[in-house]
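Undergrad: One predicted model, sequence on top.
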Amino acid sequence: MDVAPTRFDPVEVLMECVETIGPKASENHVSIQVEIAQGPAQVCTDVSKFRQCALNLQTNAAKFTKNGAIRVALRA
């Protein structure tokens, strides 16, 4: 598994994932709550792996939650 560290804004990537799961969450009557703590504006890691992990967690939450809420939180 190759890792390509890159500087990027994790908030931007998380919000892209939130937008992606939005339709599935709505279908299951699930609200999405986003909490972003103050912290570094950028991180240095593999953006593809970060996106894949965040999207996988959020997709599973949207898929298996019915009539509830999903909280997506980012803390430094």
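TA: On my side now, so go ahead. The structure displayed is predicted, hence computed values, not measured ones.
Undergrad: How many residues are close by the closest residue to A69 other than its chain neighbours?
TA: Leaving aside its chain neighbours, A69 sits nearest to S31 (4.7 Å; criterion: CB to CB, 6 or more residues apart in numbering). The C-beta positions use only the backbone N, C-alpha and C, and glycine is treated the same way. By other CB atoms under 10 Å, 12 other residues sit near S31.
Undergrad: Can you pull the phi/psi pair for S31?
TA: Here is the backbone geometry of S31 (degrees, to the nearest 10): phi -90, psi 150.
Undergrad: Contact partners for it?
TA: The contact partners of S31, by CB atoms under 8 Å, 6 or more residues apart in numbering, come to A25, G68, A69, I70.
Undergrad: Just the buried residues from the residues you listed, in PyMOL please.
TA: Buried members of these, defined by 16 or more other CB atoms under 10 Å, are picked up in PyMOL with:
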select buried, resi 25+70
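Undergrad: For the residue most central in space within the chain, give me the pLDDT.
TA: In the chain, the residue lying closest to the centroid (CA atoms, centre = their mean) is L14, at 3.6 Å. Looking at L14, its pLDDT stands at 95.
Undergrad: Cool, thanks, talk later.
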